[in-house]
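Undergrad: build me a model:
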Amino acid sequence: MAHLDQRRAELLRRRLTGEDFTAIARELDYADAAEAAADFADALAATDPLEPLARHEADQRSLDELQHAIWDLATTGDLDAISTALAISDSRSRRLGLDAPARLESAGPAVDPAAVTAAELDELLALIEDPPI
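TA: A predicted model of the protein is given here:
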């Protein structure tokens, strides 16, 4: 059991420093990269949910690998690779919170709250409570 715990700790350390699953599997005696990846996913699932750093770093590494895999094609003009690279970039931006929040707009006319009469307010409240269908 101690050996498996040590192997899993080493798996996490190597993966979070950017090593790929093929190399990790070879060095740590996993059957193949898929087995190492599955153990990595299990190890992440077992981490403390109050410690999101490990998950965040692993997620970013995965995006790095995906982007690296298609980068040469994207920079030579392959339109599918360019679309994939942009999708990866969008995903990274959303996950890192780099995108501005979506702007919500009212569908109705602009209303000056100070100019609304009590009767108009009652009418608006009635619509909210019993909206027309």
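
Undergrad: residue ranges with poor pLDDT in the protein?
TA: 1-3, 48-51, 101-108, 130-133 (pLDDT under 70).

Undergrad: and it, split by domain according to the record?
TA: Taking automatic domain parsing as the domain assignment, the ranges for the chain are 1-46, 51-99.

Undergrad: looking at the ones you listed, which is nearest to A115?
TA: When these are compared by Cβ to Cβ, domain 51-99 sits nearest A115, at 35.4 Å. Where C-beta positions appear, they are placed from N, C-alpha and C, glycine not excepted.

Undergrad: before we move on, the earlier item: any chance of CSV for the domains of the chain, columns distance to L125 and mean neighbour count?
TA: Below are the domains of the chain laid out as CSV (distance: least, Cβ to Cβ, whole Å; neighbours: other Cβ atoms under 10 Å):
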stretch, distance to L125, mean neighbour count
domain 1-46, 48, 14
domain 51-99, 35, 13
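
Undergrad: quick one: those domains as CSV, columns for distance to A119 too.
TA: Below are the domains of the chain laid out as CSV (distance: least, Cβ to Cβ, whole Å):
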stretch, distance to A119
domain 1-46, 58
domain 51-99, 42
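
Undergrad: wait, which of the ones you listed is closest to E129?
TA: Closest approach to E129 among those (Cβ to Cβ): domain 51-99, 35.5 Å.
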